[in-house]
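**Student:** Sequence and predicted structure are below.
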Amino acid sequence: MEERKRPLALTVLSGLLAVTGLGTALFWTLFFAGKMDATETEQDEAFERAFPAADSWMIACAATASRNILRMNRMGFFAGAAAGSALIFLGLMDILYSLENKKYWPLNADRAQMLFIHAWTAGLGASTLYTLWKNRDVFQGD
């Protein structure tokens, strides 16, 4: 069997998905342990509590993708596409809520961090889909 060289972009993508999934899991662990205050109002709290199931789906897809992208198998491509799509959806939901409820201004350190996370989420999702598609020919077998 011919040895295939993994493109650097896929190695980087694998790491970014792993770090994002782990970071999201850590956020929810701290949030539900009462160690993280991520909301300003009751409405924000209700919105935040609507995300654990969807974030769990993204975490599972990102973890599966991260491991399988390194192996360059079709499961990496499939799980990566699911993770990328989930990241775009989650990021856009957060961005729209924040814009509609004026959460980005006045800009301070906490709001800048929130804006960064939202842009990271949507941006990584789009980058994931682009990178996978660009390198689709390296994904083979199971």
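**Tutor:** Good, I have the coordinates.
**Student:** those helices in this structure, which residues are they?
**Tutor:** Assigned helices in the chain, in chain order: 8-32, 42-48, 52-71, 74-100, 109-134 (criterion: DSSP state H).
**Student:** For the fourth one, buried residues please.
**Tutor:** This means helix 74-100. 75-91, 93-95, 97-98 (16 or more other Cβ atoms under 10 Å). No exception for glycine: its C-beta is placed from N, CA and C like everyone else's.
**Student:** what's the angle between that helix and helix 52-71?
**Tutor:** Compare the direction of helix 74-100 with that of helix 52-71 by axes from the mean of the first three to the mean of the last three Cα atoms, to 10 degrees and you get 140 degrees.
**Student:** what helices or strands is helix 74-100 leaning on?
**Tutor:** helix 8-32, helix 52-71, helix 109-134 (3 or more Cβ pairs under 8 Å, 6 or more residues apart in numbering; DSSP states H and E).
**Student:** least reliable of the helices of the chain going by mean pLDDT?
**Tutor:** Across these, helix 42-48 has the smallest mean pLDDT, namely a mean of 94.
**Student:** buried residues in that one?
**Tutor:** For helix 42-48, using 16+ other Cβ under 10 Å, the buried residues are Phe47.
**Student:** Turn the helices and strands packed on helix 74-100 into JSON lines, including distance to Glu42 and mean neighbour count.
**Tutor:** As requested, the helices and strands packed on helix 74-100 are exported to JSON lines (distance: least, Cβ to Cβ, whole Å; neighbours: other Cβ atoms under 10 Å):
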{"stretch": "helix 8-32", "distance to Glu42": "16", "mean neighbour count": "16"}
{"stretch": "helix 52-71", "distance to Glu42": "18", "mean neighbour count": "19"}
{"stretch": "helix 109-134", "distance to Glu42": "18", "mean neighbour count": "16"}
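**Student:** out of these, which comes closest to Gln43?
**Tutor:** Nearest of those to Gln43, taken as Cβ to Cβ: helix 109-134 at 15.3 Å.
**Student:** residues making contact with stretch 51-60?
**Tutor:** Gly21, Thr24, Ala25, Trp28, Ala83, Ala86, Leu87, Phe89, Leu90 (Cβ atoms under 8 Å, 6 or more residues apart in numbering).
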